[in-house]
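Enquirer: With the sequence up front, the predicted model follows.
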Amino acid sequence: MVYLAVQHLASQLGQFLRRRHGLIEDIVVASGLVQPDGSPVPQAQNKLVLVLANIEKDTMPRSASPASGEFDGRIALRAAPLHLNLHILLAANFGAGSYAEALKFLSSAISYFQRTAVFDHLSSPDLPKGIERLVLDIENMRLQELSNLWSTLGAKHVPSILYKVRMVTIGGDDLSGLAPSISMPRPAVGAEFA
């Protein structure tokens, strides 16, 4: 689900930017900025890059029933779904001579995600099955936090913005077991009149 969520956001943003700026090729990729050896990722050059910076468990309480439906006199049990938040860095990874282009595309991307902060099956029919909704919020970072993030990524700072993507859900659909159905005894016919 994590890959599908990030890829969907990249695809939707890429379609928007192609229409808005009359582009022929994709300008958005879901990728890292550097390879494990520290060299740049070639397909991330001169692109807007969606980088998965962190995954965290969403701790907002939700009411979810682990039981759903009956099967052969038993209750079908489902594992509780895991709700995740993704921290996605949107980086304008353009060369030094293209700083104005980097800011132009980053501004367009911010504008798009501001107008389209919620992706669900109504607004985005091709949202992958299993993802109910993606909600984007800008995450503010202090300079020290920003410096730490770029150091962790192993890349040189480029114009960027960090988003928290909420509501990525994993699981909850798979059957985890069956439990006996407990039912109250029914009164005998006519017993209610006695």
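Expert: That came through fine. Keep in mind the model is a prediction, meaning the values are calculated, not measured. Numbering: from 1, shown residues only.

Enquirer: where's Ala100, which helix or strand?
Expert: helix 99-115 (DSSP states H and E).

Enquirer: Which SSE is immediately downstream of that helix?
Expert: strand 118-120.

Enquirer: Show me the contact partners of the longest helix along the chain.
Expert: The residue-count maximum for a helix in the chain (DSSP state H) belongs to helix 2-21. Under the contact criterion CB atoms under 8 Å, 6 or more residues apart in numbering, helix 2-21 has outside partners 23-24, 26-30, 48, 50, 52, 55, 84, 86, 88, 105, 108-109, 112-113, 116, 119, 124, 126-128, 130-131, 134, 136, 165, 168, 170. Any C-beta I mention is one placed from the backbone N, CA and C, and that applies to glycine too.

Enquirer: what about stretch 33-51, how long is it end to end?
Expert: 7 Å (CA to CA, to the nearest Å).

Enquirer: before we move on, the earlier item: in strands only, show me the contacts of helix 2-21.
Expert: 28-30, 48, 50, 52, 55, 84, 86, 88, 119, 134, 136, 165, 168, 170 (DSSP state E).

Enquirer: of all those residues, which two lie farthest apart?
Expert: Leu48 and Ile170 (26.4 Å; CB to CB).
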